[in-house]
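In: Only the shape, not the letters, is given here:
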């Protein structure tokens, strides 16, 4: 396996979160490039690198950056999304606790490119201990004069999965409930109190220094043609060595699980993998043995790469209970704004609960598929369609298990 | 109104106001400060925050009830938040929950804490306790008391 450490390069160092250690290992060297390149040239390099958003969507970051106004009296803002709440995902916390200065460096370059003078980092409320590490890194950066022309403020969430959706995140920052906004018809920036705002995931921003320092081609040397670069993939569940390990896109899934994860726990057989955080369609062991970890392959399998957080399940896992567990999550986390989602998550949770308790009927399985259909594509954000995908993938791939439980 | 922000928090609020385009953005920061100061968010605190940031009290109440980490009542026992989402469940969170049942603590089942690689996990106040076993839970609770 090719080792590639773009974002995790300094993770193993002792005291890697301090400015002193980070600087010894090259932190903030990229800032010189802001003398060399104009803001538009930096955006061009990011577009050329085809850096994909690493928060789950995977859309090209540069496409969002170009939407930010270059000459406007209305101040712009960068908002870094560190709400990381997708089950199976725990990569951004590694960056903010092991190399927060890489994130700050990325923020400075990004703000320069989009002409923003202030960046906010929205962090999930539960991550207080990692937030404290990040805050001390920001304090160090202020003392060192690095933030003389650009402010960084951490904004702490308070426990709501949906606030990881970028428009819900902005609503939350504006002091409201985290309800996603309707998507605009035309391409435009996000808005924070009527100011243009760019929302990017922590890892996306942390990838920027490497690209600006080494050029788009150096980044494209990793990964596949359409999914260039690397991702902090993660593994949890029934593997021997769960954790976050950076790998290039296009790595075969099983090779990753064997090489970094040390294979399945207790020498059992693999049953299934949820590939990219809970909201991606589940893959059977057979499918997992054929897929590579990139956006296009995952899409061709009817699933998605999402956040790259794999949940690995061994042969003894009960799929009915696993689906019940996920539906409890979605039921709890639906923001309640759209009826199909608010009602659908509760109803499906209840129906699968019936099946878990051996009280289910064949009609319940049909009803589940029917509700999933009603939830798909009829809501403001992609939460409900994701739940529909989870339900239909479990039922289509493990239907016999559900029927046996009736 | 019986709630007043302490001086430290008042200074923080004034400093934060300069960092946002609208004082309304201070909603979550002020709620956090109130909760840290009193241990929960009282209706009086909501009224005080409303005056400071210009959001009606009812809207702030809606915000408080939307997020899982705010408490509207004082917490009399240690609040143990145990993650019960899939990765933790696969790695034994049921056993941890069962083990906690006869302890004198308030058990809160919470959704994914983002600690899937070190499952099962629980959170007490702001601290994560990872790779839990029943024995480890006992040691942690003993130290906290």
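Out: Nice, I can see it. Please read all numbers here as calculations on a predicted model, not as lab measurements. Numbers count the residues shown, from 1 in each chain, chains lettered A, B, ... in the order given.
In: Counting neighbours, what do you get for the residue of the stretch 1-150 of chain A found nearest chain B?
Out: When scored by CB to the nearest CB, the stretch 1-150 of chain A has residue A:128 as its residue closest to chain B, at 3.7 Å. Where you see a C-beta, it was placed from the backbone N, CA and C, and this is true even at glycine. Counted with other CB atoms under 10 Å in any protein chain shown, the neighbours of residue A:128 add up to 18.
In: now the spatially closest residue to it that is not a sequence neighbour: how far from residue A:131?
Out: Take residue A:128 and drop its neighbours on the chain: the residue closest to it by CB to CB, 6 or more residues apart in numbering or on different chains is residue B:126, 3.7 Å away. As judged by CB to CB, to the nearest Å, residue B:126 and residue A:131 stand 9 Å apart.
In: who has more neighbours, the two?
Out: Neighbours per residue, other CB under 10 Å: of residue B:126 and residue A:131, the larger number sits with residue A:131, 21 against 14.
In: and the more buried one, what helix or strand is that in?
Out: In the assignment (DSSP states H and E), residue A:131 maps to helix A:128-143.
In: Could you list the buried residues of that helix?
Out: A:128, A:130, A:131, A:133, A:134, A:135, A:137, A:138, A:140, A:141 (16 or more other CB atoms under 10 Å in any protein chain shown).
In: What is the nearest of those residues to residue A:293?
Out: residue A:130 (25.3 Å; CB to CB).
In: Now do the same contact list for that closest one.
Out: Shown in contact with residue A:130 (CB atoms under 8 Å, 6 or more residues apart in numbering or on different chains): A:93, A:96, A:97, A:123.
In: Point out the ones among the residues you listed that are inside strands.
Out: Of the contacts of residue A:130, the ones assigned to strands by DSSP state E are residue A:123.
In: Among the contacts of residue A:130, name the ones in helices.
Out: Those of the contacts of residue A:130 mapping onto helices are A:93, A:96, A:97, per DSSP state H.
In: right, and the last one touches residue A:16 too?
Out: No: Residue A:97 is not in contact with residue A:16 according to CB atoms under 8 Å; the separation is 9.1 Å.
In: List the contacts of the closest residue to residue A:303 other than its chain neighbours.
Out: Leaving aside its sequence neighbours, residue A:303 sits nearest to residue A:281 (CB to CB, 6+ apart; 3.9 Å). Residue A:281 makes contact with A:301, A:302, A:303, A:304, A:389, A:390, A:392, A:393 under the criterion CB under 8 Å, 6+ apart.
In: for chain B, what spans make up the helices?
Out: B:7-17, B:27-38, B:43-53, B:57-66, B:86-90, B:93-100, B:134-144.
In: I'd like the ones you listed as a markdown table, with distance to residue A:59 and mean pLDDT appended.
Out: Formatted as a markdown table, the helices of chain B follow (distance: least, CB to CB, whole Å; pLDDT from 0 to 100):
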| stretch | distance to residue A:59 | mean pLDDT |
| --- | --- | --- |
| helix B:7-17 | 32 | 98 |
| helix B:27-38 | 27 | 98 |
| helix B:43-53 | 34 | 98 |
| helix B:57-66 | 28 | 98 |
| helix B:86-90 | 26 | 97 |
| helix B:93-100 | 34 | 97 |
| helix B:134-144 | 42 | 96 |
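In: so which residue of the stretch 101-250 of chain A comes closest to chain B?
Out: residue A:175 (3.0 Å).
In: Burial check on residue A:307, number of neighbours?
Out: 32.
In: could you say which helix or strand contains it?
Out: Applying DSSP H and E, one finds residue A:307 in no helix or strand.
In: give me phi/psi at it?
Out: Main-chain dihedrals, residue A:307, degrees, to the nearest 10: phi -90, psi 0.
In: That one contacts residue A:83, correct?
Out: No: Residue A:307 is beyond contact range of residue A:83, at 11.5 Å (criterion: CB under 8 Å).
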